[in-house]
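[1] Mind looking at a prediction? Sequence and model below.
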Amino acid sequence: MKDGSPGDLRAELDVLFRARLIYVVTIRIDNTQSTAAPLWFTTTSDRKILIQSGPQSWQTKRVRRGSPVIVWFGPWRGIAFIGRAQLTSDPIIIEQIIRDYSRKYLMARLGLHRPTRSSFERGERLAMKITLLQALPRDFSPKTGAPAPELATEPVTFG
């Protein structure tokens, strides 16, 4: 982040929309960071991030109990945010994940690792919506087992 102004945040979020992967860290019950997971994702017009995960993943279990998430993209010490993730069964979100993943990722177009409507219906995949709450310092980098950064509670405004 350059100076933290809304214009800078908007420019950095534009980078997010073009990224291929995001990295997500959940916060363990002892307030330490989990291991970072690289994930496919898509975004909504209102700047929410949509991902999918298995029902038994640690990520899903932590989100279910209300864990905040740390999301970053770009280089390892790239642009990072704290966010609030919510599991959702909203059919519009599920359809967007199915549609966008196939457009964005070659492996999904080829039928590998592609989310399908039936995989969501059978509960093999769960949809998550992430709301970004605050930007983290530019030098932030995830560290498995390190204390989580202080967390905001209200969404950040990007202008």
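    It's in. All values derive from a computational prediction rather than experimental measurement.
[2] what ranges do the strands span in the chain?
    22-26, 37-39, 42-43, 49-53, 68-73, 79-88, 126-135 (DSSP state E).
[3] Nearest to Ser119, out of the ones you listed?
    Each of these was checked against Ser119 via CB to CB, and the shortest separation belongs to strand 49-53, namely 8.6 Å. Where you see a C-beta, it was placed from the backbone N, CA and C, and this is true even at glycine.
[4] how about the helices of this structure, start to end?
    Assignment of helices within the chain using DSSP state H yields the ranges 6-18, 58-64, 91-104, 106-109, 117-121.
[5] Burial-wise, tell me which of those comes out on top.
    Comparing those by mean neighbour count (mean count of other CB atoms under 10 Å), helix 58-64 comes out on top with a mean of 18.
[6] Outside of it itself, list whatever touches it.
    24, 26-28, 34, 37, 53-54, 69, 85-87, 126, 128 (CB atoms under 8 Å, 6 or more residues apart in numbering).
[7] one more time with 10 Å, if that's ok
    By CB atoms under 10 Å, 6 or more residues apart in numbering, the list of residues contacting helix 58-64 from outside reads 24-29, 34-35, 37, 39, 51-55, 57, 67-69, 84-87, 125-126, 128, 130.
[8] Correct me if wrong: Val24 contacts Ile82.
    No - counting by CB atoms under 10 Å, Ile82 is not a contact partner of Val24; they are 11.3 Å apart.
[9] Common neighbours of these two, please.
    Taking CB under 10 Å, 6+ apart as the criterion, Val24 and Ile82 both touch 69-71.
[10] Can you tell me which of the residues you listed comes closest to Ala108?
    Nearest member of the shared contacts of Val24 and Ile82 to Ala108, counting by CB to CB, is Val71, at 20.4 Å.
[11] Can you give me the pLDDT of that closest one?
    In the prediction, the pLDDT value recorded for Val71 is 91.
[12] Also Pro137?
    The predicted local confidence for Pro137 comes out at a pLDDT of 83.
[13] try the one 10 residues further on
    In this model, Pro147 is scored at 93, pLDDT.
[14] repeat for Glu12
    You'll see Glu12 listed with a pLDDT of 66.
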